[in-house]
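Asker: whatever this is, show me its structure:
(3 chains)
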Amino acid sequence: MRRVLGSLLTVVISFCLVAGFSPVPTAKAENIKVGAILAVTGGASFLGGPEARTLEMMVEEINANGGVNGNKLELIIKDSGGNPEKAISFAKQLIEEDKVFAIIGPSTSGETMKIKNIAEEAQMILLSCAAAEVIVNPVAKYVFKTPQKDSDAVKKIYGTMKDLGISKIAVLTGNTGFGNAGKGQLENIAPEFGIEILASEVYDKQATDLSAIVAKLMANKDIQAVVNWSIVPAQGILAKNMRQAGWDVPLFQSHGFGNIKYVEAGGAAAEGIIFPAGRLLVAYSLPDDNPQKTLLVKYKVDYETKYPEDKVSTFGGHAYDALTILVAGIEQAGLDKEKVRDAIENLKELPGTAGIFNFSPEDHNGLDINSFEMLTVKDGKFAIYSK
Amino acid sequence: MTPELFIQYLFAGITYGIIYAIVAIGFNIIYNTTGIINFAQGEFVMLGGMIAITMNAFMPMTLAIMVAVLITMVVGALIEMVFIRWLESPSVLRMIIITIGISILAREVALHIWGESVRALPYFIGNEVTSVSILGARISPQVLWVIGVCSLMVAGLSLFFKFTSLGREMRACAANRRAATLCGINTKNMVTLSFVLSAGIGAVAGCVMSPITYSDYSMGPNLAIKGFTVAILGGLGNSLAAVAAGLLLGIIEAFSVSVLPLAFQDAIATAILLLILFIRPHGLFGSSEAASLKEF
Amino acid sequence: MDLLKRYIPVLFLLGLVIGIQLMTHFTGTGYYLTQLTMSAYYSVVVIGLCVLMGYGGQISLGHAGFFAIGGYLAGALTTHNLMPFKDYGLITFLDRTGMLVASKDLYGGDLLTVEPWAACITAVLAAGIIAFTIGGPVLKLKGHYLAMATLGFGIIIYRIGLATQYFGEADGISEVPGFKLLPGIEVSGSFGARVLNYYIAWAVVIVAVILLLNLIHSRVGRALRSIHGAEEAANAMGVNTSRYKLYIFVLSAVFAALAGVLVTHYNGGIGPSEAGVMKSVRYVAIVAVGGMANIWGALIMGIVLNFLSLRGVFGSYDDAVFGIILIVIMLFAPQGILKINPWQQVKSFFSVLAAERGEDTADS
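Answerer: You can find the predicted model right below:
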């Protein structure tokens, strides 16, 4: 029994130590604390990794230039590993303990949906980097998201298909939140464009070979094009398996393809893939009068200079937009949370990496179908698609 | 089903299957000398691929692969010497937990070295779109590389165990450790050697499959689970049976897409694993008496 | 005396729970209670698993699966709207018997969902029945085979969660309502209900601990220890080992499922990662660190490690920390770190001192 008491004593002491060493919220008036809940490790790390790096880079630069309205930013990144229960714990921690000004993230839709109500209850501005439309539909007062709408991406793809005279397609999706949401939109919007989905398959997010399913789909001669909707490496694998099998129908990907690394991994097989994406990936080929161009080129150059190992991607861009929006809000409204929220809700014509943001009380995403450009892969590089 | 489709499925199945078989053989080599299931076996495959990709930036690919395999073998030896060698008859439970810990650690180290993004070795012959025509089906030459290299490894290993004195000593160690010690065999070194060997074959598999499947830090556990299923299916410790079982599982998985939704493909291995554990834990090809003699 | 000895630590724990709450209240650090509440629920899984591993000698790499069965069923039942089906016979019947509850959603729509109590009982029962069904064949296995079979079970649950629309696929279930245990007492994550929920969670832990303490000091406990010691001998003595193993397996599964139900209501949601292999491995890691047959050790480690992890203390090294813990503990202290006991050391130090003094007095 004494042993047990002894152990309990140990635990008391360790708790006191933890409590003692934990960062006690210090109220420095000049610092604006920005929390970020990102999946830096774990299954969604290809989202959270670039997002975290982008935020670190931006905050460094903003502070070097004197901060926002003279206030320095203080970034607190929490790695959720893609686990919703951690995202919940971190959200509460950031709100109550660190008393942050706003939260950026989480990276995945599942996590965002778990903390949507928490942010709403605590009246905390949440700028999600996740794609699913349920995040902003129905609109929650304090919740915004920066990636473009899935439905717009689908419309863009179907529109291009119509131009090409394609009406019978196969759909492949990854079993991530992104894939599920895309699958739903693809199925919902198909009739509107007179498109018929002949086959729909879901693969595991860690799939390493899709040649068997490609063989099966290829045997169906009616299929005129394939749409693949995922954010995982299997996007490149599918392209390889299709081209190796000699199946040369057009391959459409989602805006999850927006990372040049997938093109590199796909090599020659990635040539000719058509997909909708923000203009970040073709920053240099934009006309000079494009309002996004300066910002896009700057982000690309800055990111790739700071992280020479990595290439700029639209995923990191979502975090870039989130912080840009927040900073724009603070610049307009000062340090009053409510006023900043109102300011964000009324931001118009704000260029970001994903497009031009036009928020309104009904629209907490602020992007429309014009934020997408149809791109293709040409000589191992992204290029603007033309028929 | 058209013959072309049949061949296409068959080759897809053989490709998965032979990779599973290599992982299973890795399990078996260590299991035979130590009675341990090394849950970190999948990480050897990952390390092989990742190191080769990094090395490939500095040297020709053949050399890069050889260096990667060597480094992985050294890692295998280190793991054995640091974590396992000095334990006096550890319980199975303890070894399961330790090797799981090693697997997690290897994965996290890889994440912090290489980051989260996927990489791939270039194709050995041709590129991503090259394919050869076999009986009307079109197969990537890399698939033939995987099948060829893995078959060679299996053949090489069985020759090694049958005809070299080192191989015979390892088998003696597997059959009866104490008796082997009494015959003057340094069983501890045999255990180290078994880790080196299984790290080596894992790394080779990791290199040849990398162009097809890509490599990333988290590829290990999935492979390990498939490999373990195959090892059990064939009967733990029986490497030739593992090849047969591996091909069987791979082919079942490939053909399953013609009747089941793709989403269930990964559940098949788990279902087979549970089924075989409940019905024939000594494996399809093993005998129950031999299995009951083994300690587990 | 024996009973007193057994329950003094429980009283001490109770005092500690109240003490910590008061301390956070007076220092204005109430936010610690959020993670302490979550850790408490996770510890219920851990102590159940501890009895299975330590006293039953059976490893399980699938306990996150049972947790997920509880959480997912409770979450899905209390969240999915049954309004469109309200004319079906079964639904009408359930509604009449008071198993369903009507409410309004945030936007004024009518909701008809399963009453949380009914959902909780369904979920826990389901976990118990599943454990009972698979327990038969699984527990016949030993060593690696047992580890792999339980791992396989966990993977299947994970896959079901990830592939089923009803369970929200990769996004999991969100907007799960609170769980009214009694009028005025509700398990929910809202900021106002934090202190109450802290006490609810710890009440659950204390009840669970008392149950398990009684269990291991009962006939069942003695039988279990005999299984761990030497199963064949116990069998020969007429102890029905397989029945006891199954009993404890089902019990630990029920504990895990109950924790899953409560965490899901507290968090307002659940995602597939709760069923993942890594989660199961974590539970095993915590039991290993606490000491296999040591409920108190498992409880303390369950609280400390979960608390630190949920606060993000380990940053992006969270999994790595658990990996290192597993290796180090199993290499150097397979009985758990709390067996290396500072109290014991101090005591033995003093007893040596006392013995020396005794010799001194004898000399003079």
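Asker: how about the residues of the stretch 201-350 of chain C by chain A?
Answerer: C:263, C:267-274, C:296-297, C:300, C:303-304, C:307-313, C:315-316, C:318-319, C:338, C:341-344, C:347 (Cβ under 8 Å from any Cβ of the partner chain). In short, each C-beta sits where N, CA and C put it, glycine included.
Asker: quick check: residues of the stretch 151-296 of chain B near chain A?
Answerer: With Cβ under 8 Å from any Cβ as the criterion, the stretch 151-296 of chain B meets chain A at residues B:212-214, B:216, B:218-219, B:222, B:253-255, B:257-258, B:261-263, B:265-266.
Asker: just to revisit the earlier point, go back to the residues of the stretch 201-350 of chain C next to chain A and keep what's next to chain B.
Answerer: Answer for these near chain B (Cβ under 8 Å from any Cβ): C:316, C:319.
Asker: ok, stretch B:44-55 near chain A or not?
Answerer: No: figure legend: stretch B:44-55 not in contact with chain A (Cβ under 8 Å from any Cβ); closest approach 10.9 Å.
Asker: could the C-alpha coordinates of that stretch be exported in CSV?
Answerer: Only the C-alpha atoms of stretch B:44-55 are listed here, as CSV (Å, rounded to 0.1, in the frame of the first residue of the first chain):
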residue,chain,number,x,y,z
PHE,B,44,13.9,-2.5,-43.5
VAL,B,45,12.0,-2.4,-46.9
MET,B,46,11.3,1.3,-46.3
LEU,B,47,14.9,2.1,-45.3
GLY,B,48,16.3,0.3,-48.3
GLY,B,49,14.2,2.3,-50.7
MET,B,50,14.7,5.6,-49.0
ILE,B,51,18.5,5.3,-48.7
ALA,B,52,18.9,4.2,-52.3
ILE,B,53,16.9,7.2,-53.5
THR,B,54,19.1,9.6,-51.4
MET,B,55,22.3,7.9,-52.6
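Asker: hmm, who's touching it?
Answerer: Residues outside stretch B:44-55 that contact it (Cβ atoms under 8 Å, 6 or more residues apart in numbering or on different chains): B:22-23, B:26, B:61, B:63-65, B:67-69, B:71-72, B:75-76, B:106-107, B:110, B:113-114, B:119-121, B:198-199, B:202-207, B:209-210, B:215-217, B:219-220, B:223.
Asker: of those residues, select the buried ones using a ChimeraX command.
Answerer: Selection of buried members from the contacts of stretch B:44-55 for ChimeraX, criterion 16 or more other Cβ atoms under 10 Å in any protein chain shown:
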select /B:22,23,26,61,64,65,67,68,69,71,72,75,76,106,107,110,114,119,120,121,198,199,202,203,204,205,206,207,209,210,215,216,217,219,220,223
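Asker: in strands only, show me the contacts of stretch B:44-55.
Answerer: Within these, no residue falls in strands by DSSP state E.
Asker: now intersect the contacts of stretch B:44-55 with the helices, please.
Answerer: Using DSSP state H, the subset of the contacts of stretch B:44-55 located in helices is B:22-23, B:26, B:61, B:63-65, B:67-69, B:71-72, B:75-76, B:106-107, B:110, B:113-114, B:198-199, B:202-207, B:209-210, B:220, B:223.
Asker: so is stretch C:76-85 next to chain A?
Answerer: No: using Cβ under 8 Å from any Cβ, stretch C:76-85 never reaches chain A; the gap is at least 11.6 Å.
Asker: buried ones in that stretch?
Answerer: Residues of stretch C:76-85 classed as buried: C:76, C:77, C:78, C:79, C:80, C:82 (neighbour count, 16+ other Cβ under 10 Å).
Asker: endpoints of that stretch, how far apart?
Answerer: Separation of the first and last residues of stretch C:76-85 by Cα to Cα, to the nearest Å is 15 Å.
Asker: quick one: average confidence on that stretch?
Answerer: Stretch C:76-85 carries an average pLDDT of 87.
Asker: from the chain's centroid, how far away is it?
Answerer: 27 Å (Cα atoms, centre = their mean, to the nearest Å).
Asker: what's that stretch in contact with?
Answerer: C:91, C:100, C:105, C:109-116, C:118-119, C:122-123, C:166-168, C:173-177, C:179, C:265.
Asker: go on, stretch A:348-365?
Answerer: Under Cβ under 8 Å, 6+ apart, the answer for stretch A:348-365 is A:133, A:136, A:139-140, A:143-149, A:278-280, A:291-292, A:295-296, A:299, A:314, A:317-318, A:320-321, A:324-325, A:328, A:344-347, A:366-368, A:370-372.
Asker: what does stretch C:319-330 give?
Answerer: Contacts for stretch C:319-330 (Cβ under 8 Å, 6+ apart): A:41-42, A:81, B:83, B:94, B:97-98, B:100-105, B:107-109, B:112, C:278, C:281-282, C:284-285, C:288-289, C:305, C:309, C:314, C:336-337.
Asker: which residues in the chain form strands?
Answerer: Using chain A here. Secondary structure of chain A, counting by DSSP E: strands at A:31-38, A:72-79, A:102-104, A:125-128, A:143-145, A:168-174, A:196-203, A:225-229, A:251-253, A:274-277, A:350-351, A:356-357, A:373-378, A:381-384.
Asker: should've been chain C
Answerer: Counting by DSSP E, the strands of chain C are C:100-104, C:110-114, C:173-174, C:179-182, C:185-187, C:269-270.
Asker: poorly predicted segments of the chain, please.
Answerer: Here I'm looking at chain A. For chain A, residues meeting the criterion pLDDT under 70 lie at A:1-30.
Asker: hmm, I had chain C in mind actually
Answerer: C:1, C:105-108, C:228-229, C:338-364.
Asker: residues from the stretch 51-200 of chain C in reach of chain B?
Answerer: C:53, C:59, C:137-138, C:141-145, C:147-149, C:151-153, C:155-156, C:159, C:163.
Asker: go again with 10 Å.
Answerer: Taking Cβ under 10 Å from any Cβ of the partner chain as the measure of proximity, the stretch 51-200 of chain C contacts chain B at C:53, C:57-59, C:61, C:134, C:136-138, C:140-156, C:158-160, C:162-163, C:169.
Asker: stretch A:184-194: which residues count as buried?
Answerer: A:184, A:185, A:186, A:189, A:190.
Asker: end to end on that stretch, go ahead and measure it.
Answerer: Start to finish, the residues bounding stretch A:184-194 are 16 Å apart (Cα to Cα).
Asker: contacts for that stretch next, please.
Answerer: Residues from elsewhere that reach stretch A:184-194 (Cβ atoms under 10 Å, 6 or more residues apart in numbering or on different chains): A:132-133, A:149-155, A:157-159, A:161-162, A:166-167, A:169, A:171, A:173, A:195-197, A:200, A:227, A:229, A:254, C:165.
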